[in-house]
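# Predicted structure and sequence below. I'll ask about it afterward.
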Amino acid sequence: MQEIKASMAGSVWKIVVSEGDQVNAGDEIVILESMKMEIPISAETGGTVKSISVSEGDFVNEADLIATIE
């Protein structure tokens, strides 16, 4: 199981996937917004999105859990 974590602090601007979706390595999971920049957070490996731990508009800190992929 892979945990997707925030690479920096910011707001969850858009959630690109849903629980149960199949993803490949490099696919965007969420897009964070920080200092008026969009920062895509991508899967490091392929698999099925098991859970999404954030909602659009949530504020996350660096290393906060965003999603898990199995």
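Nice, I can see it. Residues are numbered from 1 along each chain as shown.
# okay, now the closest residue to residue 70 other than its chain neighbours: neighbour count?
If you skip the residues right next to it in sequence, residue 70 has residue 50 as its closest partner in space, 4.5 Å away by Cβ to Cβ, 6 or more residues apart in numbering. In this view, the C-beta of every residue, glycine as well, is placed from N, C-alpha and C. If you count neighbours by other Cβ atoms under 10 Å, residue 50 ends up with 14.
# who's in contact with residue 50?
Residue 50 is in contact with 1, 19, 67-70, counting by Cβ atoms under 8 Å, 6 or more residues apart in numbering.
# hmm, which two among those residues are most spread apart?
1 and 19 (13.8 Å; Cβ to Cβ).
# Mind giving me the PyMOL select for the contacts of residue 50, buried ones only?
Here the buried members of the contacts of residue 50 are turned into a PyMOL selection, burial being counted by 16 or more other Cβ atoms under 10 Å:
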select buried, resi 67+68+69
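# Turn the contacts of residue 50 into a markdown table, columns for distance to residue 33.
Output for the contacts of residue 50, formatted as a markdown table (distance: Cβ to Cβ, whole Å):
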| residue | distance to residue 33 |
| --- | --- |
| 1 | 27 |
| 19 | 22 |
| 67 | 17 |
| 68 | 22 |
| 69 | 22 |
| 70 | 27 |
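# in this structure, which spans are strands?
For the chain, the strands identified by DSSP state E occupy 2-5, 10-15, 22-23, 28-34, 37-42, 47-52, 59-60, 65-69, in order along the chain.
# Would you mind giving those as a markdown table with mean pLDDT added?
Converted to a markdown table, the strands of the chain look like this (pLDDT from 0 to 100):
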| stretch | mean pLDDT |
| --- | --- |
| strand 2-5 | 95 |
| strand 10-15 | 97 |
| strand 22-23 | 97 |
| strand 28-34 | 96 |
| strand 37-42 | 96 |
| strand 47-52 | 97 |
| strand 59-60 | 97 |
| strand 65-69 | 97 |
